[in-house]
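Peer 1: would you be able to build a 3D model of this:
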Amino acid sequence: MDGHVGKFMESVGSIFSGGDVLPWCDRDIIAGFESEIAEATNEEQKSDSLMRLSWALVHSRQPEDVNRGIGMLQASLDRSSSPLQMREKLYLLAVGHYRTGDYTRSRQLLERCLEIQPDWRQALTLQRLVEEKTRRDGMIGMAIITGAFGLVGLVAGGIIAAASSSSSRKK
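Peer 2: Residues are numbered from 1 along each chain as shown. From the prediction side, this is the model:
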């Protein structure tokens, strides 16, 4: 168990050391937290282990893990015992939705999270990432649309030119 917690802390620590802004989590850490839940001797230990597992799942590279983490967090949201716990769950849900590409939902969850603690650095960092990703995806989308219209224009121009040249030859 200590080994899994150590890897977990190392992964979280990468945020503050200038590493990957949103850390990734691998399957062995997830398996370790699943074991922790099975070995929990009381509800508090089980609850803590479930939060660590949720964290690990939404930080996984596997889409099915991320979706599982989102489901677990969503199901437990109503059972949040404090504003701090609600803030944590909202943030992890925002991470999960960011990982799945649902930036609109991620932004909404971050807004709720920041209502609880407006100066929370992790949420502000993720909010910045969501905005950057949305802006970048929007620019890529515009480039694709512009390119498609340009291609249609070229094709239409070619057809018109071909039609006009063939009609001028007939005269």
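
Peer 1: contacts, neighbours, all on C-alpha from now
Peer 2: Noted.

Peer 1: residue ranges with poor pLDDT in this protein?
Peer 2: Scanning the chain for pLDDT under 70 picks out 1-20, 137-158, 161-163, 165-171.

Peer 1: which residues of the protein fall in helices?
Peer 2: 2-16, 27-39, 43-58, 63-76, 83-100, 103-116, 121-170 (DSSP state H).

Peer 1: would you mark the buried spots in the second one?
Peer 2: This points to helix 27-39. Taking 16 or more other CA atoms under 10 Å as the neighbour-count basis, helix 27-39 is seen to contain the buried residues 29-30, 32-33, 36-37.

Peer 1: what is the nearest of those residues to Leu109?
Peer 2: Set against Leu109, the nearest of the buried residues of helix 27-39 by CA to CA is Ile30 (23.8 Å).

Peer 1: gap between the two ends of stretch 110-124?
Peer 2: One end of stretch 110-124 sits 8 Å from the other (CA to CA, to the nearest Å).

Peer 1: before we move on, the earlier item: now render the buried residues of helix 27-39 as JSON lines, adding distance to Leu84.
Peer 2: JSON lines is the format used below for those (distance: CA to CA, whole Å):
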{"residue": "Ile29", "distance to Leu84": "24"}
{"residue": "Ile30", "distance to Leu84": "23"}
{"residue": "Gly32", "distance to Leu84": "25"}
{"residue": "Phe33", "distance to Leu84": "21"}
{"residue": "Glu36", "distance to Leu84": "23"}
{"residue": "Ile37", "distance to Leu84": "22"}
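
Peer 1: now, which of those sits nearest Ser82?
Peer 2: Relative to Ser82, and with distances defined as CA to CA, the nearest of the buried residues of helix 27-39 is Ile37, at 21.4 Å.

Peer 1: OK, contacts around that closest one?
Peer 2: 45-46, 49-50 (CA atoms under 8 Å, 6 or more residues apart in numbering).

Peer 1: let's see 6 Å
Peer 2: Neighbouring residues of Ile37 by CA atoms under 6 Å, 6 or more residues apart in numbering: 46, 49.

Peer 1: distance of it from Met72?
Peer 2: From Ile37 to Met72 the distance is 13 Å (CA to CA).
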